[in-house]
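**Student:** Got a predicted structure plus its sequence, pasted below:
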Amino acid sequence: MEKIKELIKKVCTRETISYIVFGVLTTAVNWGTFWVLNSKMNVEENTANLIAIIAAVLFAYITNKIWVFHSETEGFGENVVEFCRFILGRLLTMAIEWGGCAFLFKYAPIPPMISKGIISVVIIILNFFVSKFFAFKKD
């Protein structure tokens, strides 16, 4: 029982909790954008999904930089490098999300929003590690 308490203490840091909160909000931006585009504006699933992912990535960069990882980059150059690292990491996970959703949309007998939910859980976890150890890493 003591080891479980230690593990919970290690995992439940301010950073992790902030990431979860903003991850949920980022997911809401992603899903909300997808839902509006696909369900209300009749935009094709893959196109709506791509636009939703881009909106969510921009939202995530701002929130992760300011409130989750408290980035202290200074000057234009450092900020550009950090943004590029963030975008590179997110391009990888965006490709995984887009491909995973496209696969599920086409081959799984699952409604599009459920498919998106399944993939989103995987992407949130991957994005934490990409952000922490690549985009916002402290030297």
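**Tutor:** All right, it came through fine. Numbering: from 1, shown residues only.
**Student:** Is it correct that Trp67 is in contact with Glu15?
**Tutor:** No: with contact defined as CB atoms under 8 Å, Trp67 does not reach Glu15; the gap is 10.0 Å. Bear in mind the C-beta positions are built from the backbone N, C-alpha and C, glycine included.
**Student:** Could you measure from the closest residue to Ala56 other than its chain neighbours over to Glu45?
**Tutor:** The spatial neighbour of Ala56 that comes closest, neighbours along the chain excluded (CB to CB, 6 or more residues apart in numbering), is Asn30 at 3.7 Å. Using CB to CB, to the nearest Å, Asn30 is found at 14 Å from Glu45.
**Student:** the more surrounded of those two?
**Tutor:** Asn30 (24 against 17; other CB atoms under 10 Å).
**Student:** What separation is there between Asn38 and Ala102?
**Tutor:** Distance, Asn38 to Ala102, using CB to CB: 13 Å.
**Student:** what touches both of the two?
**Tutor:** Both Asn38 and Ala102 are contacted by Asn49, under the criterion CB atoms under 8 Å, 6 or more residues apart in numbering.
**Student:** element containing Ile119?
**Tutor:** Using DSSP states H and E, Ile119 falls within helix 112-130.
**Student:** just how off-centre is that helix within its chain?
**Tutor:** Per CA atoms, centre = their mean, to the nearest Å, the displacement of helix 112-130 from the mean C-alpha position of its chain is 7 Å.
**Student:** Which strands and helices lie in contact with that helix?
**Tutor:** helix 14-35, helix 45-63, helix 75-107 (3 or more CB pairs under 8 Å, 6 or more residues apart in numbering; DSSP states H and E).
**Student:** Need the winner for burial among the ones you listed.
**Tutor:** Neighbour counts (mean count of other CB atoms under 10 Å) averaged over each of the helices and strands packed on helix 112-130 peak at helix 45-63, with a mean of 19.
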